[in-house]
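A.B. asks: Structure for the following, please:
(2 chains)
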Amino acid sequence: GDSVTQTEGQVTVSESKSLIINCTYSATSIGYPNLFWYVRYPGEGLQLLLKVITAGQKGSSRGFEATYNKEATSFHLQKASVQESDSAVYYCALSVGTQVVGQLTFGRGTRLQVYA
Amino acid sequence: DPKIIQKPKYLVAVTGSEKILICEQYLGHNAMYWYRQSAKKPLEFMFSYSYQKLMDNQTASSRFQPQSSKKNHLDLQITALKPDDSATYFCASSQRLGGKETLYFGSGTRLTVL
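C.D. replies: This next block holds a predicted model:
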């Protein structure tokens, strides 16, 4: 089946430093993968951060960027300068167009802690 | 204001009992979903509904039954509760876009079964 791997369960970064959260995927279902990053701030629900549905394209939102790399099957999340307010859990997710509608395959999430 | 409302936020139940988790969306979407996140596991797809009809069911147990009384409602009834059912249950919605749907999630109901 399809899978998403986030290698880091937790990342701790100093404010104003750069960030990379790794995400790789495996899509065995027939169809074209769509890739997403969701974020969950403390006490809140999941929010869509960004999505990319075309290989080679980059998505961006709130200073975060991720590029859909089909060759490397990766969708790493990056930010040049993090803030304390970015502290949250980040989830990489995958859907494949011809599979079950609305079925996202999620990674386990990466908890980002930003300290001043 | 939240556009997807889930109630209650927290729920404690005893083994063998029955509970209903409520979900309403005000995004005007025509599809709704349930996901579950158990401790130390990724979010898992459970059900999808469109126009109040079940589209897909990835839940093995018949103890989990979605109920849609209105097109913007999708409740989840869970019967004969077990401790393994303890999880956070997320409701989501989207417009149907031929496989390119973007899902929007509620804040979840955390269920604890004792």
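
A.B. asks: and the residue most central in space within chain B, what helix or strand is that in?
C.D. replies: Compute the mean C-alpha point of chain B, and by Cα atoms, centre = their mean the closest residue is B:Trp34, 3.1 Å away. Element membership for B:Trp34 (DSSP states H and E) is strand B:31-37.

A.B. asks: In contact with the closest residue to the residue nearest to the centre of chain B other than its chain neighbours, which residues?
C.D. replies: Excluding the flanking residues, the one nearest B:Trp34 by Cβ to Cβ, 6 or more residues apart in numbering or on different chains is B:Met46, at 4.3 Å. Just so you know, the C-beta spots here come from the backbone N, C-alpha and C atoms, and that holds for glycine as well. By Cβ atoms under 8 Å, 6 or more residues apart in numbering or on different chains, B:Met46 lies in contact with B:Tyr33, B:Trp34, B:Tyr35, B:Arg36, B:Asn57, B:Gln58, B:Thr59, B:Phe64, B:Leu76.

A.B. asks: Give the full set of residues in contact with the fourth one.
C.D. replies: Okay, so that is B:Arg36. B:Leu43, B:Glu44, B:Met46, B:Ala87, B:Thr88, B:Tyr89, B:Phe90.

A.B. asks: so the second one sits right up against B:Tyr35, yeah?
C.D. replies: Yes - proximity of B:Glu44 to B:Tyr35 meets the contact threshold set by Cβ atoms under 8 Å, at 6.3 Å.

A.B. asks: out of the two, which sits in the busier spot?
C.D. replies: Higher neighbour count among B:Glu44 and B:Tyr35: B:Tyr35, with 26 against 18, using other Cβ atoms under 10 Å in any protein chain shown.

A.B. asks: The more buried one against B:Lys41, yeah?
C.D. replies: No - in this structure, B:Tyr35 is not within contact of B:Lys41 by Cβ under 8 Å, at 11.2 Å.

A.B. asks: B:Met55: what secondary structure?
C.D. replies: Following DSSP: H, G, I helix; E, B strand; the rest coil, we place B:Met55 in the strand state.

A.B. asks: secondary structure element for the nearest residue to it once chain neighbours are set aside?
C.D. replies: Nearest residue to B:Met55, sequence neighbours excluded (Cβ to Cβ, 6+ apart): B:Ser48, at 4.4 Å. Element membership for B:Ser48 (DSSP H and E) is strand B:44-50.

A.B. asks: re earlier: parallel or antiparallel, list what pairs with the strand holding B:Trp34.
C.D. replies: Under the criterion DSSP bridges, strand B:31-37 sits next to strand B:44-50 (antiparallel), strand B:87-94 (antiparallel) in its sheet.
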